[in-house]
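J.: Fold the following.
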Amino acid sequence: MRKIIICIIVFINLAGSICSQQVYFNKRYQLNDHQIFSSAPSAIESDGKYYLTGATEDTVNQSWRWVFFMQLSDSGFVDRINYLGDYSHDYYPAWPGSFQKQGSRFVFAGNKIYYGPYNEVGVLAKLNSNLDTIWLREYYGDLNLPFDSIQQINNISICSDGGIICTGRQYTYQQSSKMLLLRTDSTGSQLWKRCYGITGLNNAYSVIQTTDGGFAIGGFWYIPGSSVHTGDPIIIKTDSMGNQEWQKNIGGPYQDNSANLCLSPDGSIIAGTMYADSLAGDVPYSRIHIVKMDNTGNIIWDKKYDRSNIVYNYMSRINCLDDGSIIACGSKPIEPPRTSSWAMKVSSEGDSLWYRHYDNLHGYQSFNYLYDIIPTSDNGFLTCGYVFPMQPDTGTQDAWVLKLDSMGCDTPGCFTVTVFEQPTDHAPRTTHLQIFPNPAVHYVNIRSSIFGPRSSIFIYDLFGRKQDEIIIPKGQNETKLDISAYPPGVYIAVLKNEKGLVSRGKFVKSGDR
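T.: Numbers count the residues shown, from 1 in each chain. Model prediction:
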């Protein structure tokens, strides 16, 4: 027993030491006093600095949409801001992941809107380390007047030869669009373009180069005005010249979300989306869905996570890490209309490692959206998006950036509590679960005076991995939990009801017999 307790103390001290070396911040950024709108959908790290791109307004009269580029220190302080824009067009960044490192330079993808006559075109720009624009290229759909189609770039990836692969959509005004795949060389000169899709609206939001030299596109298919629940995540695989090899629909019976892709270190294709598995009236409820497949489209594993939530449950970005694990982020309603954001990490086999919620604003109607998440050189993560305040929160719609540690914590030591970080207001914060015997070998009793209707106890290890879920029958104030199969260590018991976290407690599983 003494040996086990010493090991636990050493582990906790080590965890605290690791946390103390991490940098944490949770900041919102208003670019200047005149701009009242900004959001940050993409981020990268380079030479110990963080670089973000996003949408904002022009700096003179706030009449035109511009793109900003921002450099942050490793502590989240602004070092530099530059802009892309003019006073006769609107400019927008593309979707998360559309800001990439290319050698010592950066490549940005977005879109530009012309007025008189109206047209929308995709753009690529190359920037130096000072965020100055070196070149800007535009990519048009149909050039014949009157324009009958627009072309949008939603995402890019840097190819093995230094060129750029772009994806998005080509849209006609007959409520029809095709997924776009556009290949350029390293200077942005177009090499070829392909379009894909079936009847309806087809839009691509994610692209990767696969290990066989081809490409995989993640997108979304939808039929406007259809009486059935269409709307599915679609994956298209092509060869190196953009010729389609196969297509896969990983959606369910109801309207889902788009497919986001990343390339696993073992060469597999990882796809993340939201899977709608039920309806409340006409509103689909969805949960996180991650699929691993090979280059021929064969499913290696297919897993779903978390409980189903209302349609605004959304995954915005997925990223494959060097060790084969997977990180993803998105947003979901917590206490509608208030929206919170989440991030989660799963192993290379799809096992959940941790899942956490994040907020900067806490007003009942305020919004907290995270779009992108990237690994950082200190083994942590950086994630970004925007916040929109509603009373009693104050301010403007601002870019939002969080620096997290390797366990997804935005403050030191949060790995001892998972998912819901704070008890709900209806329970005293000093109330704890009574857990005994503690330490224990075979079982523990968990007692509380605040068990209520629809209460459950969740058991997690120190890394946030769920071990058990116990539903508490109505009128019961104590339950017995068999822990004989648990590995020795420290565990967290979390009591929750339909309103969120109510109380928590710790216990030690001993290995002594």
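J.: Got phi/psi on the residue lying closest to residue 231 once chain neighbours are set aside?
T.: Once flanking residues are discounted, residue 231 sits nearest to residue 255: 3.5 Å by Cβ to Cβ, 6 or more residues apart in numbering. All C-beta atoms are positioned from the backbone trio N, CA, C, and that covers glycine. When read as degrees, to the nearest 10, the backbone of residue 255 gives phi -70, psi 120.
J.: Would you mind measuring from residue 255 to residue 283?
T.: Distance of residue 255 to residue 283, computed by Cβ to Cβ, to the nearest Å: 9 Å.
J.: can you list the domain ranges for this structure.
T.: Following automatic domain parsing, one gets these domains for the chain: 2-9+424-509, 24-63+72-78+323-411, 146-311.
J.: how about these, which one is nearest residue 112?
T.: Nearest of those to residue 112, taken as Cβ to Cβ: domain 146-311 at 9.9 Å.
J.: before we move on, the earlier item: worst average pLDDT in the domains of the chain?
T.: Across the domains of the chain, domain 2-9+424-509 has the smallest mean pLDDT, namely a mean of 72.
J.: burial of the residue nearest to residue 199 when sequence neighbours are not counted, as a residue count?
T.: Distance criterion Cβ to Cβ, 6+ apart; nearest residue to residue 199, sequence neighbours excluded, is residue 223 at 6.8 Å. Neighbour count for residue 223, taken as other Cβ atoms under 10 Å: 14.
J.: How many residues are close by residue 93?
T.: 27.
J.: Okay, and the beta partners of it?
T.: residue 110 (DSSP bridges).
J.: gap between it and residue 166?
T.: Counting by Cβ to Cβ - residue 93 and residue 166 are separated by 14 Å.
J.: Could you tell me which residues touch both of those two?
T.: residue 109 (Cβ atoms under 8 Å, 6 or more residues apart in numbering).
J.: returning to what we had before: quick one, phi psi at the residue nearest to residue 199?
T.: phi -110, psi 110.
J.: secondary structure class for residue 23?
T.: Assigned with DSSP: H, G, I helix; E, B strand; the rest coil, residue 23 falls in the coil class.
J.: Look up how far residue 398 lies from it.
T.: Taken as Cβ to Cβ, the span from residue 23 to residue 398 is 20 Å.
J.: again, but for residue 488
T.: With Cβ to Cβ as the criterion, residue 488 and residue 398 are 46 Å apart.
J.: Over to residue 198?
T.: Taking Cβ to Cβ, one finds residue 198 at 40 Å from residue 398.
J.: ditto for residue 251
T.: 34 Å.
J.: Who does residue 151 form a beta bridge with?
T.: residue 170.
J.: neighbours around it, how many?
T.: 25.
J.: hang on, isn't it packed against residue 170?
T.: Yes - with contact defined as Cβ atoms under 8 Å, residue 151 reaches residue 170; the gap is 5.1 Å.
J.: Name the residues contacting each of those two.
T.: Residues within reach of residue 151 and of residue 170 at once, by Cβ under 8 Å, 6+ apart, are 141, 180.
J.: What's the local residue count around residue 285?
T.: 18.
J.: you'd agree it is in a strand?
T.: Yes - under three-state DSSP, residue 285 sits within a strand.
J.: Distance-wise, check it relative to residue 279.
T.: 7 Å.
J.: same deal with residue 224?
T.: Distance from residue 224 to residue 279, by Cβ to Cβ: 19 Å.
J.: do the same with residue 393
T.: Residue 393 is 32 Å from residue 279, where distance means Cβ to Cβ.
J.: cool, and residue 253?
T.: In terms of Cβ to Cβ, residue 253 sits 9 Å off from residue 279.
J.: So in terms of bridging, what pairs with the spatially most central residue of the chain?
T.: Taking Cα atoms, centre = their mean, the centroid of the chain lies closest to residue 329, which sits 1.9 Å from it. Beta-bridge pairing of residue 329 under DSSP bridges involves residue 317, residue 343.
J.: Quick check: it touching residue 368?
T.: No - using Cβ under 8 Å, residue 329 makes no contact with residue 368, being 11.5 Å away.
J.: between those two, what contacts are shared?
T.: residue 341.
J.: coming back round to it: which one's more surrounded, residue 255 and residue 283?
T.: Using other Cβ under 10 Å as the criterion, residue 255 and residue 283 rank with residue 255 on top: 22 against 13.
J.: For the more buried one, give its distance to residue 222.
T.: Counting by Cβ to Cβ - residue 255 and residue 222 are separated by 8 Å.
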